[in-house]
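1. okay, predicted coordinates and the sequence, questions at the end:
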Amino acid sequence: MNMEKKPAIQDYTREELAQLIKPAFRAKQIYSWLYHKYVTSFDEMKNLPHSLREELKEKYRIEILKMIKKEKSRDGSIKYLFELEDGNTVETVLLLMKKKEFNEDGSVKHQERYTVCISCQVGCKVGCSFCLTAKSGFIANLTAGEIVEQIRYIKRDNNIDANRRVNIVYMGMGEPLDNLNAVSKSSRIFADPDGMAIAPHRQTISTSGLSTKIVKLGKMNLGVNLAISLHAVDDELRERLMPINKAYNIKSIIDAVKEFPVNNRKRVMFEYLVIKDVNDDIASAKKLLSLLNGIKSKVNLIYFNPHGGTEYKRPNEKDMLAFQEYLTKHGLHCTIRESKGLDISAACGQLRDNELEDNRCL
Ligand code: SAH
Ligand code: SF4
């Protein structure tokens with residue numbers, strides 16, 4: 001960070017703020033203004049003494065993301081393009097899922113369920129061959145505050161009440177475990193009961209499988225859900241799809257997952273990107289089943305989302321369903337991920353930090 005620049009207030013946990021700002025109960029008030037009322041200036045923090053507001057203004061920044069584009073999909077998903085203060089851009093996606101809910105009289109009402117897909121890096125070092133984010137290479141890590149602000153911004157922009165449940169998936173741009181300090185800190189800030197109170201079991205960190213970092217994350221005991229981007233069942237194919245597999249092979253990932261603390265009611269999610277004629281055969285489903293034997297796991301099959309930078313193709317629905325059926329028939333929980341926001345390139349693997357025409361998939 002530029003030394004002359006003031007730090008962002010969103011970079012701090014409540015405990016840290018209580019150390020910095022006296023009396024300590026002010027930290028709780030500031031958290032409430034930031035994460036319940038989503039204020040964009042210190043002047044709005046009305047119950048703070050004038051002198052403290054002035055001090056805060058002098059020491060910290062609060063508006064750290066500039067929205068430069070917002071696109072709404074036909075299915076209601078909204079993709080935001082944010083500019084960071086260094087001029088780099090990242091994307092964040094608000095996904096709306098319909099969930100069946102019941103009124104007190106037993107009648108059915110539908111309520112939207114919010115999931116926000118956040119970015120943690122500008123670009124990515126991992127370089128998966130199917131991923132659009134990888135094409136820009138690695139540019140920068142986001143700070144904890146920049147990660148936190150993505151959710152705060154979107155909650156404010158969509159008038160999402162502080163009490164409404166929101167799920168977070170670290171599945172936007174970047175590899176979360178390659179920016180573990182900022183990511184784990186953001187997770188703690190999200191979970192703070194005096195702030196956004198997004199419980200750890202509503203947060204999912206998705207990784208390409210940096211085994212040693214999976215162990216490290218596990219030891220932090222954050223209580224978050226883990227998702228592994230597996231995508232292939234043998235090392236040779238996985239190396240072709242994800243060169244990182246040379247450093248962290250499938251066995252090392254499975255071993256790390258076995259050590260990971262999993263909430264009693266939860267399972268580790270294995271994401272399997274299904275690519276036509278590459279890994280969509282039943283023999284692969286069979287191997288996947290035996291690989292996950294003995295692990296509390298569930299599988300999320302993802303349709304490969306085509307984009308201009310790749311030769312890979314989207315699988316046929318028939319093959320996808322047969323793959324799923326094979327796994328469920330053998331007792332594995334397996335879902336197919338809905339491709340949200342396809343028409344605005346907001347779906348998995350279609351996020352990148354600029355607006356190239358070739359990122360259109362339709
Ligand atoms: N770096 C992390 C998280 C971000 S990617 C990871 O790789 O897990 C989020 C998910 O989107 C990953 O499972 C990734 O493999 C998947 N993905 C990447 N490119 C995709 C594409 N073109 N179509 C569908 N999913 C893709
Ligand atoms: Fe990075 Fe994930 Fe894309 Fe791989 S899939 S290049 S790890 S963002």
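-> Nice, I can see it. Ligands and ions are numbered 1, 2, ... in the order given.
2. what residues are up against residue 169?
-> 115-118, 203-204, 206, 227 (CB atoms under 8 Å, 6 or more residues apart in numbering). C-beta here means a position set from N, CA and C on the backbone, and glycine is covered the same way.
3. which of these fall within strands?
-> Among these, the ones falling in strands (DSSP state E) are 115-117, 203-204, 206, 227.
4. which among these gets closest to residue 40?
-> The nearest member of the ones in strands among the contacts of residue 169 to residue 40, counting by CB to CB, is residue 116 at 18.5 Å.
5. okay but residue 241 is in contact with residue 127, surely?
-> No: with contacts counted by CB atoms under 8 Å, residue 241 stays clear of residue 127, the gap being 10.5 Å.
6. tell me which of these two has more neighbours.
-> residue 241 (21 against 17; other CB atoms under 10 Å).
7. got a list of what the more buried one touches?
-> 128-130, 231-232, 273, 275, 278.
8. quick one: name the residues of the chain near ligand 1.
-> 130-131, 171, 175, 206-208, 229, 271, 273, 302, 304-305, 307, 348-349 (CB under 6 Å from any ligand atom).
9. need the max-distance pair from those.
-> So, these by CB to CB: farthest apart are 207 and 307, at 21.5 Å.
10. who's more crowded, these two?
-> Remark: of residue 207 and residue 307, residue 207 carries more neighbours, 27 against 21, as counted by other CB under 10 Å.
11. list the contacts for the more buried one?
-> 175-177, 213-214, 226-229.
12. confirm for me that residue 47 is in contact with residue 29.
-> Yes: using CB under 8 Å, residue 47 is in contact with residue 29, at 5.9 Å.
13. higher neighbour count, these two?
-> The residue with more neighbours, out of residue 47 and residue 29, is residue 29; 17 against 9, by other CB under 10 Å.
14. what's in contact with the host helix or strand of the more buried one?
-> Element membership for residue 29 (DSSP states H and E) is helix 25-35. Residues from elsewhere that reach helix 25-35, judged by CB under 8 Å, 6+ apart: 9-10, 14-15, 17-18, 21, 39, 44-45, 47-48, 52, 56, 62, 152, 162, 192, 194-196.
15. list the contacts of the spatially most central residue of the chain.
-> Central residue of the chain (CA atoms, centre = their mean): residue 170, 1.5 Å from the mean position. By CB under 8 Å, 6+ apart, the contact list for residue 170 reads 118, 120, 176, 183, 203-206.
16. ok, what's across the strand from it?
-> Beta-bridge partners for residue 170, by DSSP bridges, are residue 205.
17. mind listing the helices for the stretch 201-350 of the chain?
-> 211-220, 235-241, 250-259, 282-291, 317-329 (DSSP state H, counting those that start in this stretch).
18. looking at the residues of the chain next to ligand 1, which are in strands?
-> Per DSSP E, the subset of these in strands is 206-207, 229, 271, 273, 302.
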